[in-house]
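Visitor: sequence plus predicted model, see below.
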Amino acid sequence: MGIGRIQMHCAIGVIRIINKRSASYSLDNKDFELSPDGFDQEDAELMQTIASQIAIAIQNSRLLEKFMEAQRLYQNVIMSSPDPIIAIDKKGKIEIFNRACEYLWGLSYEEARGKSILDFYASPIQARRIGRLLLESQSNSLEDFETTIKDKSGAIIPVSLSASILRNGKGELIGSLGIFKDVRRLKVLEEKMLQSEKLATLGKLAQTVGHDIKHNIATALNYVQTLSFRCDPVEDAQLLDIYEDITSSLWEAVENLQNMIVATKPKAAQKSVVDIKDVFDEFEVRLARQANSRGIEFSVHYPQRDEELLLDVSQIRQALTNLFDNSVSAIEEKKSSGASIGKGQIEAVIWFSDSIFHLSWKDNGRGIPPDNVANIFTPFFTTRDSGNGLGLFIVKQIIENHGGEISVQSEEGEGSSFLISIPTLQSSVNSA
């Protein structure tokens, strides 16, 4: 009988042998004679050796089973992790790409496996830089490192990366492991918080100096108006033109100040029943005069029928003024870039359909780059050196304050078209 043992002499089983066969023992000859002498010391040592080898085989089998179980558990943890996890070999080829990675990059494991990690960052330069930082850092690791990746469609996504170098028992580099966090939602929250802080600061400034500035501008307008009354329309025509330019500039200053106040502390719309002519009365003339002074043609096309609107005329005029300023700037920027434009044009077209007031506002300015279209109504977003990024933000606020909607279509180099839709009085009554 032999006992299978492992190190520390722990028994894991027994091999039981009953009798020893004789030298003439043969199954073919049906000779089943047993040896009268039994087992000697040499036989016992051989059985002990066999038992030890079997014990080692059994133990290895158990260890392998535990290893495989641990590996399956490890893979399940990796694959089901809510955070995207990537493991690469020493050549930078992807070996592990879990389900969260599939969702973030829009690629399956089969599509990603074996590909270079360089293809998964926003640029290969960026990926190589991260690799250098990992190797050069004292701990061979990175924690919450902000970078960007590129998904299947080519969209750039901001992420936070924690990564470490992987080494074998000899200390040799065998790859690296990276855990990613999608921070798009966090970036949006941070941007909103920053915008709120900016608006709060701007509000304090507007409250502090707004009243005095308005008073000073009003005084200047009164003096300019008095001086213009003393001019002869024929003899002082040039001087009258100068007074008109001064008046327009002062009104622009008032509008800019009003934009600051409205952006930081929007007032509820003081609505009254009006028709479309009430909105554009005199206001159209002033915009046309400002446009003409810049070599721009401004036109308004009214509908054949009219309907009553429930509007705050002052707020709607401010929204249209902001659109006008935006169009003028776009046209002048296109001219200054040397692009062929002919005569600058701003066209407002008004119509009614299904008890909805529609206004299309078009210009032939420089247009909006595709990447910027989604941001033009965001406060403080501007591509102009002199812009404050509040004009279109306020337009959207005012239109939505009236239960309406505004959208934009633009082609870079060709111009922009804004579409405003506001319920008419009849629509408001029906909905009530």
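Guide: Alright, I've got the coordinates. Numbering: from 1, shown residues only.
Visitor: C-alpha from now on. contacts and neighbour counts both.
Guide: OK.
Visitor: show me what the helix ranked longest in the chain is packed against.
Guide: Counting residues, the longest helix in the chain under DSSP state H turns out to be helix 184-229. The contact analysis (3 or more CA pairs under 8 Å, 6 or more residues apart in numbering; DSSP states H and E) places helix 184-229 against strand 156-167, helix 237-264.
Visitor: least reliable of the ones you listed going by mean pLDDT?
Guide: For the helices and strands packed on helix 184-229, mean pLDDT drops lowest on helix 237-264, to a mean of 74.
Visitor: which element follows that one toward the C-terminus?
Guide: Sequence-wise, the next helix or strand downstream of helix 237-264 (DSSP states H and E) is strand 272-274.
Visitor: residues contacting the residue most central in space within the chain?
Guide: Residue closest to the average C-alpha location in the chain (CA atoms, centre = their mean): Arg184, at 5.1 Å. If a contact means CA atoms under 8 Å, 6 or more residues apart in numbering, then Arg184 has Ile157, Pro158, Val159 as its contacts.
Visitor: quick one, helices of this structure?
Guide: 41-80, 99-105, 109-112, 124-136, 184-229, 237-264, 276-280, 283-293, 313-336, 391-401, 425-431.
Visitor: residue contacts, Gly295?
Guide: Lys343, Gly344.
Visitor: make that Ser417, sorry
Guide: Ser360, Trp361, Lys362, Asp363, Val408, Gln409, Ser410.
Visitor: same question for Lys214.
Guide: With the criterion set at CA under 8 Å, 6+ apart, Lys214 makes contact with Val254.
Visitor: try Lys93
Guide: When the contact criterion is CA under 8 Å, 6+ apart, the partners of Lys93 are Arg113, Gly114, Lys115, Ser116, Ile117.
Visitor: then Leu425?
Guide: Leu425 is in contact with Val273, Glu307, Glu308, Leu309, Leu310, Ser355, counting by CA under 8 Å, 6+ apart.
Visitor: and which of the residues you listed is nearest to Ile174?
Guide: Ser355 (69.4 Å; CA to CA).
Visitor: ok, the closest one touching Glu308?
Guide: No - between Ser355 and Glu308 there is no contact under CA atoms under 8 Å: 9.8 Å.
Visitor: quickly list the domain ranges of this structure.
Guide: Here the domain parsing of the chain from automatic domain parsing is 2-78, 81-182, 187-261, 266-432.
Visitor: can you redo the helices and strands packed on helix 184-229 as CSV with distance to Leu392 and mean neighbour count?
Guide: Formatted as CSV, the helices and strands packed on helix 184-229 follow (distance: least, CA to CA, whole Å; neighbours: other CA atoms under 10 Å):
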stretch, distance to Leu392, mean neighbour count
strand 156-167, 26, 18
helix 237-264, 10, 17
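Visitor: adding distance to Arg294, write the ones you listed out as TSV.
Guide: Output for the helices and strands packed on helix 184-229, formatted as TSV (distance: least, CA to CA, whole Å):
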stretch	distance to Arg294
strand 156-167	40
helix 237-264	11
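Visitor: returning to what we had before: tell me how far the residue nearest to the centre of the chain lies from Glu191.
Guide: 11 Å (CA to CA, to the nearest Å).
Visitor: any idea of the pLDDT on Glu191?
Guide: 77.
Visitor: how near is the residue lying closest to His358 once chain neighbours are set aside to Ile406?
Guide: Ranked by CA to CA, 6 or more residues apart in numbering and with sequence neighbours excluded, the top spatial neighbour of His358 is Ser421, at 4.6 Å. Using CA to CA, Ser421 is found at 7 Å from Ile406.
Visitor: what does Phe380 give?
Guide: 18 Å.
Visitor: cool, Ala374 as well?
Guide: 13 Å.
Visitor: more neighbours, the two?
Guide: The neighbour count for Ala374 versus Ile406, taken as other CA atoms under 10 Å, is higher for Ile406 (19 against 10).
Visitor: contact partners for the nearest residue to the more buried one once chain neighbours are set aside?
Guide: Distances taken as CA to CA, 6+ apart place Ile420 nearest to Ile406, at 4.5 Å, with adjacent residues excluded. Contacts here follow CA under 8 Å, 6+ apart; on that basis Ile420 touches Phe357, His358, Leu359, Ser360, Ile399, Gly404, Glu405, Ile406, Ser407.
Visitor: swap the cut-off to 6 Å and go again
Guide: With contact set as CA atoms under 6 Å, 6 or more residues apart in numbering, Ile420 has these partners: His358, Leu359, Glu405, Ile406.
Visitor: now, the most widely separated pair of those residues?
Guide: Using CA to CA, the contacts of Ile420 span at most 10.7 Å, a distance reached by Leu359 and Glu405.
Visitor: output the contacts of Lys93 as CSV; include the columns neighbour count, distance to Asp281 and pLDDT.
Guide: Shown next, in CSV, are the contacts of Lys93 (neighbours: other CA atoms under 10 Å; distance: CA to CA, whole Å; pLDDT from 0 to 100):
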residue, neighbour count, distance to Asp281, pLDDT
Arg113, 18, 67, 91
Gly114, 16, 69, 93
Lys115, 15, 66, 93
Ser116, 15, 65, 93
Ile117, 20, 63, 93
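Visitor: need these in JSON lines (columns: distance to Leu221).
Guide: Output for the contacts of Lys93, formatted as JSON lines (distance: CA to CA, whole Å):
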{"residue": "Arg113", "distance to Leu221": "71"}
{"residue": "Gly114", "distance to Leu221": "73"}
{"residue": "Lys115", "distance to Leu221": "69"}
{"residue": "Ser116", "distance to Leu221": "68"}
{"residue": "Ile117", "distance to Leu221": "65"}
